[in-house]
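Q: Build the 3D model from these lines:
(2 chains)
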Protein chains: 2
Amino acid sequence: MDSTSLAKLTEAFGSLPGIGRKSAQRIAYHIVNQPMEKTQALAEAILAARKAARRCAVCCDITEDELCPLCKAAGRDRTTVCVVENPRDILAFERTHEYRGLYHVLHGVISPLNGIGPEELCVKELLHRVSDGTVKEVIMATNPTVEGEATAMYLMRLLKPLGITVTRLAYGIPVGADLEYADDVTLARALSGRLPL
Amino acid sequence: MDSTSLAKLTEAFGSLPGIGRKSAQRIAYHIVNQPMEKTQALAEAILAARKAARRCAVCCDITEDELCPLCKAAGRDRTTVCVVENPRDILAFERTHEYRGLYHVLHGVISPLNGIGPEELCVKELLHRVSDGTVKEVIMATNPTVEGEATAMYLMRLLKPLGITVTRLAYGIPVGADLEYADDVTLARALSGRLPL
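A: Residues are numbered from 1 along each chain as shown, chains lettered A, B, ... in the order given. Below is the predicted model:
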C-alpha cells in the first residue's frame, strides 16, 4: 500500500478518541473497499451532524434546536438540575430511568494544567438558569477525579449563596463488586458515607 | 441529545469494523464538538481516499496508481509471490523485513456459505500473472481457518499443473508462547511439522 490518501485517512481515524493505529488501518481499508455510496453517506453524516450541532440554550447539551428534547419535555422536574461533564453522562443517567429532573452540561472540568478555567465551561449558563429561583437543588455529578471534585467544590461555592441545595453523588462500593478488590479510597468513602439500615 | 443527525452519525460509525456502540457515540460527540475545519478535513480525507483507491494491475493491492509501490520496486524478487487475503496482511509481512518477493491480494477467501466463490476474488489476476513463467514459487499465506485452508488448496490445484512450486506458511507454536497453553490442533501441527535441528 503506502498510498498517500490512504495513509492520511488512517491518520485521521487514528486521531479520533478510542481508535488506535491498527483499528484506524482496518477502518481505512474498509472504507476504500466499500461502495462509493456508503463512503459518501459516511462523509455526509459527519458533515451534517457537525453543521446541525448546537448547544441547548438552557442546559448546553448538544442538540439541533434552540432547546434540547429534555429541556422541552413536559414531565420533567424543573426544580432539580444534575450537573455533568459531558453529554454522554446524560445518556448514562437516562438509562437508569431513576432521574426525572433536568441536566446541565459543563463541557469539561476546571483543569488549570490544561489551561481550562470556568470561562471555558458552561458555568455562566448554569448561574443564569438558576437565577430565576425555579431550581431548588443542584446535584454535582462530575467524575470522581481530582478535577471533577475541584469543579464540584467551585460550583458549590457559587451556588450555595443563592440559597440552592447543592448535593454530590454518593461514593461507595459499586453494586456487585467484591469488597476484597475495592481500592482503599473507595472503601474509606463507603465507610464514611454509611447509611442507617 | 437524541438529535437525529447525531444519532445517524453514531450509527454510521457503529457500522465500521471494530467500533461498538459506546465508541461510536464517543466519536460522534467528539466530531460535533471539534472545530468545523477538522470535521471537514476528516470528511474530505474519507472521500479522497475512496476516490483515489484502485487495485494494482498486477497484485490487486489497494493503491493510487496503475501499479503499487511494491510491484514497481526494483529490488524485489519477482520469482516469488505470497498470496494473502487482504492488503493489511502485506503490511504485517513487510514489518518482518524478511520477505523480498512480491504479493498477491485475493480480497477475501472462498466461502460458499457467504456466497463468495473464486470469481469474487482476484484469482484470475493471479493466474494471469503467473502465466508468463517468471513466477517460480507461490506461497499460500491465507489465514489458518477452514476457509483460508480451502482457498489455499483450491489455488494449489490450479497452480501446480503450471509447474509452479506451491508452499504454505508453517504452522506451529507461536514464538514466546507457553506449550502448556497451546491448543491441541496447533500442538499436533507443530509436532507433525517438526524439522531437524
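Q: dump the residue contacts of the most centrally placed residue in chain A.
A: Central residue of chain A (C-alpha atoms, centre = their mean): residue A:86, 1.7 Å from the mean position. Contacts for residue A:86 were tallied using C-beta atoms under 8 Å, 6 or more residues apart in numbering or on different chains; they are A:105, A:106, A:107, A:108, B:29. Every residue, glycine included, has its C-beta placed from N, CA and C.
Q: now, which of the residues you listed sits nearest residue A:165?
A: Using C-beta to C-beta, residue A:106 comes nearest to residue A:165 of those, at 18.9 Å.
Q: sorry, back to before: which of the contacts of residue A:86 count as buried?
A: Restricting these to buried positions leaves A:105, A:106, A:107, A:108, B:29, with burial counted as 16 or more other C-beta atoms under 10 Å in any protein chain shown.
Q: picking that back up, output the contacts of residue A:86 in TSV, with pLDDT appended to each entry.
A: Output for the contacts of residue A:86, formatted as TSV (pLDDT from 0 to 100):
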residue	pLDDT
A:105	96
A:106	96
A:107	94
A:108	93
B:29	93
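Q: Give the helix, strand or coil label for residue A:157.
A: What DSSP: H, G, I helix; E, B strand; the rest coil gives for residue A:157 is helix.
Q: and if you look at residue A:83?
A: strand.
Q: Run through the bridge partners of residue A:55.
A: Taking DSSP bridges as the rule, residue A:55 bridges to residue A:62.
Q: Isn't it up against residue A:104?
A: No - if you go by C-beta atoms under 8 Å, residue A:55 and residue A:104 don't touch, sitting 11.1 Å apart.
Q: Neighbour count for the two, which is higher?
A: With neighbours defined as other C-beta atoms under 10 Å in any protein chain shown, residue A:55 and residue A:104 compare such that residue A:104 has more, 26 against 17.
Q: Tell me who's in contact with the more buried one.
A: The neighbours of residue A:104, taking C-beta under 8 Å, 6+ apart as the test, are A:59, A:60, A:81, A:82, A:83, A:84, A:122, A:125, A:126, A:129, A:138.
Q: who's the last one bridged to?
A: Spelled out, that is residue A:138. With DSSP bridges as the criterion, residue A:138 is bridged to residue A:81, residue A:166.
Q: from what I can see it touches residue A:83, true?
A: Yes - the criterion here is C-beta under 8 Å, and residue A:138 meets it with residue A:83 at 6.1 Å.
Q: Overlap in contacts, those two.
A: What both residue A:138 and residue A:83 touch, as defined by C-beta under 8 Å, 6+ apart, is the set A:104, A:126, A:155.
Q: could you dump those residues to JSON lines with pLDDT?
A: Formatted as JSON lines, the shared contacts of residue A:138 and residue A:83 follow (pLDDT from 0 to 100):
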{"residue": "A:104", "pLDDT": "97"}
{"residue": "A:126", "pLDDT": "96"}
{"residue": "A:155", "pLDDT": "96"}
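Q: so where do the helices sit in chain A?
A: A:4-14, A:21-33, A:36-52, A:69-72, A:87-96, A:123-130, A:146-159, A:184-192 (DSSP state H).
Q: Return the closest of the shared contacts of residue A:138 and residue A:83 with respect to chain B.
A: Nearest to chain B among the shared contacts of residue A:138 and residue A:83: residue A:104, at 14.0 Å, using C-beta to the nearest C-beta.
Q: that older thread, narrow the contacts of residue A:104 to just the buried residues.
A: Using 16+ other C-beta under 10 Å, the buried members of the contacts of residue A:104 are A:59, A:60, A:81, A:82, A:83, A:84, A:122, A:125, A:126, A:129, A:138.
Q: what number of residues lie near the residue nearest to residue A:127 when sequence neighbours are not counted?
A: Nearest residue to residue A:127, sequence neighbours excluded (C-beta to C-beta, 6 or more residues apart in numbering or on different chains): residue A:158, at 6.4 Å. By other C-beta under 10 Å, the residues close to residue A:158 number 16.
Q: contacting residues for the closest residue to residue A:111 other than its chain neighbours?
A: Once flanking residues are discounted, residue A:111 sits nearest to residue A:147: 5.0 Å by C-beta to C-beta, 6+ apart. Residue A:147 makes contacts with A:109, A:110, A:111, as judged by C-beta under 8 Å, 6+ apart.
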